[in-house]
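J.: No letters, just coordinates:
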Ligand SMILES: Nc1ncnc2c1ncn2[C@@H]1O[C@H](COP(=O)(O)OP(=O)(O)O)[C@@H](O)[C@H]1O
Ligand SMILES: [Mg+2]
């Protein structure tokens, strides 16, 4: 089946193809001879309720520094595509939310992956709270007294921005840490949204596992072990990817999430598990699939396209 595919993503010249999951999806789509069109969020247009974009045909190559060729720009209705891959990276801000509103107009006649309305409704660190028994003790607030009470109860905590990503501004505060007050002041000026205050999970030393679910089914996983001098496991912060299997508990987590993800059209999702706890459900543009394949794991990009083909058939 030749799917006519458009990808909405950040400027392709800036991506690091070694780790970029969108790029892995594009390589696989091209290998299947799907015609590919590319545009950035800035080229999205809604006129009188109709959604269009200035797109360019795209060819990709797995060669760093020479990884793409674009055709001439042409303006076209997005409804003309079979599939739009929504692979815009966070920040999950009003610009992102606007993209989801626009793309919602063409879905599901054009299959938008992931379903834009459900992307909007599932911010990664809030969506988890629908599964309270799977997550660590977690507070979402900017209220000083609420944080103090939580700290008194749990001692060792982590404080992080609600819409942070890539490990940005993630702090661990031991029970006796005197910097809490100043950190509170700093967060108050830096972040207008509430923050996440979470029980510190010592198991993070062994890694933060990224598990990919395709249409609610386990598709592959990679463990990310933080550098010895950092709390954060994110690969952009020096976390080292390691081949891994699922534990019993992680299978249970996948089984619990599967039906909820499938029901929402969240076809390509990356969840994060530290120890026995689910900490994030990434639905915007999850990463990890290149690392999974490089470490000898499954070809998740192929599984994603198999599933999309099945849905379009
Ligand atoms: N509750 C926690 N306990 C221990 N480490 C944590 C905790 N929360 C976050 N971390 C560390 O910080 C990293 C980034 O936090 P995360 O919640 O995944 O936010 P981000 O969206 O920035 O990736 C994690 O990969 C992990 O290494
Ligand atoms: Mg994370």
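T.: Perfect, thanks for sending it. Keep in mind that this is a model prediction, so the values were computed, not measured. Ligands and ions are numbered 1, 2, ... in the order given.

J.: C-alpha only now, for contacts and for neighbours.
T.: Fine.

J.: The chain against ligand 1: which residues are in contact?
T.: Within reach of ligand 1 by C-alpha under 6 Å from any ligand atom, the chain has these residues: 158, 164-168, 170, 198-202, 204, 208, 231-234.

J.: What would I type in ChimeraX if I wanted to highlight the buried members of these and nothing else?
T.: Applying 16 or more other C-alpha atoms under 10 Å to these leaves a buried subset, and the ChimeraX line that selects it is:
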select :158,164,165,167,170,198,199,200,201,204,208,231,232,233,234
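
J.: Inside strands: which ones of the residues of the chain next to ligand 1?
T.: Cross-referencing these against strands under DSSP state E gives 158, 198-199, 208.

J.: which one among these gets closest to residue 277?
T.: Closest to residue 277 out of these is residue 208 (9.8 Å), distances taken as C-alpha to C-alpha.

J.: Could you pull up the contacting residues of that closest one?
T.: By C-alpha atoms under 8 Å, 6 or more residues apart in numbering, the residues touching residue 208 are 223-225, 233, 272-275.

J.: give me that answer again for 6 Å
T.: Counting by C-alpha atoms under 6 Å, 6 or more residues apart in numbering, residue 208 touches 223-224, 273-274.

J.: Turn those into CSV, columns for neighbour count and secondary structure.
T.: CSV is the format used below for the contacts of residue 208 (neighbours: other C-alpha atoms under 10 Å; DSSP: H, G, I helix; E, B strand; the rest coil):
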residue, neighbour count, secondary structure
223, 26, strand
224, 28, strand
273, 23, strand
274, 24, strand
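
J.: pLDDT for those residues - can I get that in JSON lines?
T.: Output for those, formatted as JSON lines (pLDDT from 0 to 100):
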{"residue": "223", "pLDDT": "98"}
{"residue": "224", "pLDDT": "98"}
{"residue": "273", "pLDDT": "98"}
{"residue": "274", "pLDDT": "98"}
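
J.: On the three-state scheme, residue 213 is what?
T.: strand (DSSP: H, G, I helix; E, B strand; the rest coil).

J.: and it, how many neighbours does it have?
T.: Neighbours of residue 213 under the rule other C-alpha atoms under 10 Å: 25.
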